[in-house]
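Student: here you go, sequence then predicted model.
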Amino acid sequence: MSKKYIGWLTLVVIILIAVMLFFVLRFQNSKDPTSLSELDKFAQCINDSGAKFYNAFWCSHCQAQKTDFGKSQKYLPSIECSTPDGEEQTFVCQNQGIKGYPTWEFPDDTRQSGRLSFEVLAKKTNCSLPL
């Protein structure tokens, strides 16, 4: 083998290793909790505020509210109020007097029903709006 061929082969291997390292590090950073999106942070702030999101799996307005948060909905303070068969309300929601869905309960002990805007949620929880 010529020195020129070995030089090119070495360069190609170095480039391949660099590309693989780039993608590995990028994938790891996407799983890093410090690299949360603004919407993740907003949903976590709502949760941390002490707010509660009472909902039912069969409720279209509840699903729409969750859809507003996309993948960040996993951070919401979500409380399922429906039994698995969709016929009854869970004891927790009965005990809290939840009558409709969705119902948001806020740290100041007020409640609002229906799909709420991010602006209302931010104001009621003292959380910053996502950018």
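Tutor: Nice, thanks for sending it over.

Student: residue 24 versus the residue nearest to the spatial centre of the chain, what's the distance?
Tutor: Compute the mean C-alpha point of the chain, and by C-alpha atoms, centre = their mean the closest residue is residue 72, 1.3 Å away. Distance, residue 72 to residue 24, using C-beta to C-beta, to the nearest Å: 25 Å. Every C-beta, even on glycine, is put in place using the N, C-alpha and C of the backbone.

Student: could you do residue 16 as well?
Tutor: 12 Å.

Student: local confidence estimate at residue 30?
Tutor: Listed pLDDT for residue 30 reads 49.

Student: how about the one 3 residues further on?
Tutor: If you check residue 33, the pLDDT there is 48.

Student: show me where this structure has strands.
Tutor: Along the chain, the segments classed as strands by DSSP state E run 52-55, 78-80, 103-105, 111-113.

Student: export these to TSV and tack on mean pLDDT?
Tutor: Below are the strands of the chain laid out as TSV (pLDDT from 0 to 100):
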stretch	mean pLDDT
strand 52-55	98
strand 78-80	98
strand 103-105	98
strand 111-113	98
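
Student: quick one, which of the ones you listed is packed in tightest?
Tutor: strand 52-55 (a mean of 24; mean count of other C-beta atoms under 10 Å).

Student: how far off centre is it?
Tutor: How far strand 52-55 lies from its chain's middle: 15 Å, per C-alpha atoms, centre = their mean, to the nearest Å.

Student: the helices in this structure, which residues?
Tutor: Along the chain, the segments classed as helices by DSSP state H run 3-31, 38-49, 60-69, 91-95, 118-125.

Student: quick one: buried residues of the last one?
Tutor: In terms of neighbour count (16 or more other C-beta atoms under 10 Å), helix 118-125 has its buried residues at 121-122, 124-125.

Student: so which pair among the residues you listed is furthest apart in space?
Tutor: Maximum pairwise distance among these (C-beta to C-beta): 7.5 Å, between 122 and 124.

Student: low-scoring stretches of this protein, by residue?
Tutor: Counting by pLDDT under 70, the chain has low-confidence residues at 27-35.

Student: residue 51 against residue 109, yeah?
Tutor: No: proximity of residue 51 to residue 109 does not meet the contact threshold set by C-beta atoms under 8 Å, at 10.9 Å.
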